[in-house]
Structures are given as C-alpha cells and as structure tokens.
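Student: Here is a sequence with its predicted model. Questions after.
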Amino acid sequence: MSHVKLTTEKSAHLYESAKRVMPGGVTANIKYFPPYPLFMSNGAGAYLTDVDGNEYIDYLLSYGSLMLGHGHPEIADTMQSHINNHGTWLYGTPHELEITFAEKIKEHFPSIELLRYTNSGTEATLLALRFAATYTGKHKIAKFEGHYHGGYNEVLLSVDPETSDAGQKEKPNAVPSSKGISPSQTEQTIILPFNDEAAFDILKEHANEIGAVLIEPIQGGFIPAEHGFMTKLRKITEELNIVLIFDEVKTGYRITLGGAQSYYNVEPDLTALGKVIGGGFPMGVVGGKKEILMESSPIDNITSEPLNSKDVLFHSGTYNGHPMILAVGLKTIEILEEELETVLNRTEKLKTQLEALFYTKGIPMQTVGLGSVFNMVLSENEISNYRDYQESDFDTRRKIDKHLLDEGIYSKPMNRYSMSISHRDKEIEKTIAAFKNVLNSL
Ligand code: PMP
C-alpha cells in the first residue's frame, strides 16, 4: 500500500467525461466529493481497486450493503447455478423463492407476519408509510431529526438541517433537505427530536393526525436510540393508534441477525429492510403485522373472493421479488447466520484499537455505533442525537478522511465505517498502520 499521495489521474479524467453526461458528473449526489470522486474498477474481498490501479480497504461497502465484501465466491456460484438451473433470471410471475426467502426473514424477525418485496430501501419505507395511512386513516407522518429514509418528499425533511433553520432542540422545524419540496409537504411531516422525551409530547399533541412514526433505531446507522426511549416510543405509539415503523434498512443483519428490534427487544408494527438482504443488488422488504399487511391483499381475508382494486392498498413493481436477487440475498443471509458473530467481534477489535491510537495521539475520538457499523466522532461529549454530532470536530475529521484515501483506506468522507466478513485481522492491522501515518502527519 502506498504511503505517498496517490496518482488518480484516470479518475480525474473520467470525472471530466462524466460531467458531460450527468449533472455534476455523478448519478447520486452523495457520490461526489471534492475535488473529484474516485472511479473504481475492481473489487475482491475487503478491497476495491480504482482505475489508476490503487488498492483500498473498502469501509464504505456500498453504504453498508456488501456485508460479505466484494466478489464472494459463493455468491458468484449462486448466480451461476441459478441460471444453470432455471434458464431465466426473471419470470414476472410468482415463484417459489418468494416463499423461501420470506420464511427466512420471518425466522429472524418475529414481528414480521407477512411481507412484500420492493426494489430498494426507499421504496420499502415509502410503502410502509402507505400501509400506515391506510390502516389508521391518518395521513400525517412523524420522523426524527437527522434520520434518513430515502429520497422522496415525505421524508426528505430535516435529514441534515443547518442548525440556524432547525429550530428548537425540543421542537425541531421541518427543514427541506432538497430543492423542489413543496411548502405543503413541510406541514404533512412532523419532525421529532431523537432520544428526547419531548418527542412524546409532540406525538400526543398531533395524535389524531399522525398515522405513522418512522424511525431509524440507530440514527444514520451509528447513533443508537436509548433503550428507555425506544420502550416508551413503542408504548406511546400503541396508545395513540400510530403505526410504529422501524427503518432497518441499515441495521438489518448488521447489528444482530434480527436487527435492531431484537437488540432493543421492541416489536415495531412494520419494518423496512434493504441493503444487506439483497447481497449487493437492489432489494427491499416491508413486513409486519398481518392485519396491516393485509390492506394490500387482492383477495378478501375470509372469503378469498377477489376485491375491487380501488378498495385495496396499491403496491406494484416489475422487479419485486426478483428471483436472482432473492437467491443471492438468501445465500448472503445463510452465510451471515454462520459468520455474523465473527464480524461483530472484529468490529469491536478495530474500534478498540482505533480509540487507543487516537488516545495516544491526544486527539479526542470516540467510535459511536453498534454491531458491524460505527462512526469516528471527534468529540469528548456524549453523542445521542444529530445535534450532538454536528458539534463534533468536522474539520479535523475531513482532514483525516482525505489523508486516509492516500493511505489506501476507502470510505466516503465523513461516512460511517461498515465491516464485512472479508475484513480480517490482516485488514485491521493495515488499517491501524494507515491511521498511524495519517495522525502523525496532521
Ligand atoms: N433507510 C435508511 C436507514 C437508509 O440508510 C437508506 C439508504 N442509505 C434508505 C432508507 C434508502 O435505501 P435505498 O438507498 O436502497 O433506496
């Protein structure tokens, strides 16, 4: 691994071409970082290689989705044998794997009685909100400040608000996180403070309008909800006839096999899953209570007679339950049943070593996170919500991130670190050595 500034000329050149065909040269804004993003061309295990031939240990892992790392041979075999055995990769009809996969999910998530497939985490949370509105007849939603649930209008509020617009800590404003969000949307979505009991007063105040509370049990994948807060949220939403939706797109199969709900021992009404369950392919799931999921059934629950489509919650998607993706996702989950524990132990090891290293260098840093995901937060204060995090030392963190790329450690600047089963002791050692070089050069 190089310890001098890397040559990334080919990435720079490709970025110029990319700007001619895509706005800002990227296909998702989060993929840009200055002066230009790196273009990758190969991956193997814990490693990514860019177009200039530089090798990196990948801690982005496609925003946490590649829990097995890159190019896992059993996944490659699964795809090949699926084609060999079935001839096609898409039927556009029901197929058996839809059942097998659902049974596997139900095994790990007892709160899920029935489920539907989607093509992404975004679609999963969006569909969950429609279920909640249909079931309760209440159309406003509540979400927490700093929580991300996908890129659509209802939830693209107060994801990353400027502190100046964000309002009081106990009663945050709904601040659009994008242009193009209508002012009326900001009235439909109520923003709650995370890990703060003031949230419960807001819910009580608007109980007759709010159909759903959507929460990342672990904000941004790394700031955990407090146990007491979670238990109370469950109790209050139940009392107020508000559907509690756990967005476990990031936490599913990354904290425990049963996600954050198993860790907290709290059963939500609905769960959205994504990322890891698709094994690196686009995929999502909405699952939960039978009586809520049945809102989408095309047949009557008792008589099995077909229902009029206008009386049923609409849910569709050409690729929902894609056979090849379900095959890959199922294999991924089966591998994690054996190996998740090892990943969790290695994550603890990396966290401990990183904290010790920062300590010896006199830089306040705490790793914040549970399971196989964490972030490095440069602060001595307790981090229990978005605003605490905003007060940490972003300037130093950005400098560190920039140098880390030169040392062969890949993550998007400021992003959390995700581990995979391919990140072994050797990679941990290399990572610590890279951090040492970076901290020495600050
Ligand atoms: N919810 C959470 C908690 C997420 O982290 C993400 C993706 N980062 C989404 C929803 C959206 O998922 P996708 O990108 O698959 O649409």
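Tutor: On my side now, so go ahead. Not measured: the values here are computed from a predicted model. Numbering: from 1, shown residues only.
Student: Model confidence for the residue nearest to residue 256 when sequence neighbours are not counted, exactly?
Tutor: Among residues not flanking residue 256 along the chain, residue 262 sits closest, at 4.7 Å (CB to CB, 6 or more residues apart in numbering). (Glycine included, C-beta is placed from N, CA and C.) At residue 262 the predicted local confidence, pLDDT, stands at 98.
Student: For residue 262, give its distance to residue 287.
Tutor: 14 Å (CB to CB, to the nearest Å).
Student: Please say which of these two ends up with more neighbours.
Tutor: Neighbours around residue 262 and residue 287, counted as other CB atoms under 10 Å, are more numerous at residue 287. The numbers are 25 against 18.
Student: Could you give the bridge partners of that one?
Tutor: For residue 287, the beta-bridge partners are residue 115, residue 271 (DSSP bridges).
Student: can you pull the contacts of it?
Tutor: Taking CB atoms under 8 Å, 6 or more residues apart in numbering as the criterion, residue 287 is in contact with 105-106, 109, 111-116, 270-271, 273, 293.
Student: can you check residue 328 too?
Tutor: Applying CB under 8 Å, 6+ apart, we find residue 328 in contact with 75, 78, 79, 278, 279, 280, 281.
Student: Next, the closest residue to the last one other than its chain neighbours: phi, psi?
Tutor: The shortest distance from residue 281 to any non-neighbouring residue, by CB to CB, 6+ apart, is to residue 325 (4.3 Å). Reported as degrees, to the nearest 10, the phi and psi values for residue 325 are phi -70, psi -40.
Student: and the closest residue to residue 327 other than its chain neighbours, how many neighbours?
Tutor: Closest residue in space to residue 327, ignoring its immediate chain neighbours: residue 82 at 4.7 Å, by CB to CB, 6+ apart. Residue 82 has 20 neighbouring residues, counting by other CB under 10 Å.
Student: Would you mind pulling the contact partners of the helix or strand where residue 82 lies?
Tutor: Applying DSSP states H and E as the criterion places residue 82 in helix 73-86. The contact list for helix 73-86 (CB under 8 Å, 6+ apart) reads 68, 89, 279, 280, 323, 324, 327, 328, 331, 332, 335.
Student: buried ones in it?
Tutor: 75, 78, 79, 82 (16 or more other CB atoms under 10 Å).
Student: Can I get the residues you listed in JSON lines including distance to the ligand and pLDDT?
Tutor: Shown next, in JSON lines, are the buried residues of helix 73-86 (distance: CB to the nearest ligand atom, whole Å; pLDDT from 0 to 100):
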{"residue": "75", "distance to the ligand": "18", "pLDDT": "98"}
{"residue": "78", "distance to the ligand": "21", "pLDDT": "98"}
{"residue": "79", "distance to the ligand": "20", "pLDDT": "97"}
{"residue": "82", "distance to the ligand": "22", "pLDDT": "97"}
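Student: related to what we said a few turns ago, and after the helix holding residue 82, which helix or strand comes next?
Tutor: Following helix 73-86 in sequence, per DSSP H and E, is helix 96-108.
Student: With adjacent residues omitted, what lies nearest to the closest residue to the ligand within the stretch 51-200 of the chain?
Tutor: Taking CB to the nearest ligand atom, the ligand has its nearest neighbour within the stretch 51-200 of the chain at residue 121, 2.4 Å off. The shortest distance from residue 121 to any non-neighbouring residue, by CB to CB, 6+ apart, is to residue 274 (3.0 Å).
Student: and that neighbour, how many neighbours?
Tutor: 28.
Student: what's the pLDDT at it?
Tutor: 98.
Student: what do you get for residue 2?
Tutor: 43.
Student: Return the residues in contact with residue 279.
Tutor: By CB under 8 Å, 6+ apart, the residues touching residue 279 are 65, 67, 68, 75, 325, 328, 329, 331, 332.
Student: roughly how far apart are the closest residue to residue 255 other than its chain neighbours and residue 277?
Tutor: The spatially closest residue to residue 255, leaving aside those adjacent along the chain, is residue 371, at 3.5 Å (CB to CB, 6+ apart). Here the criterion is CB to CB. By it, residue 371 lies 15 Å from residue 277.
Student: same question, residue 26
Tutor: Residue 26 is 26 Å from residue 277, by CB to CB.
Student: Now do the phi/psi pair for the residue nearest to residue 397 when sequence neighbours are not counted.
Tutor: Leaving aside its sequence neighbours, residue 397 sits nearest to residue 378 (CB to CB, 6+ apart; 5.2 Å). Main-chain torsions, residue 378, degrees, to the nearest 10: phi -90, psi 80.
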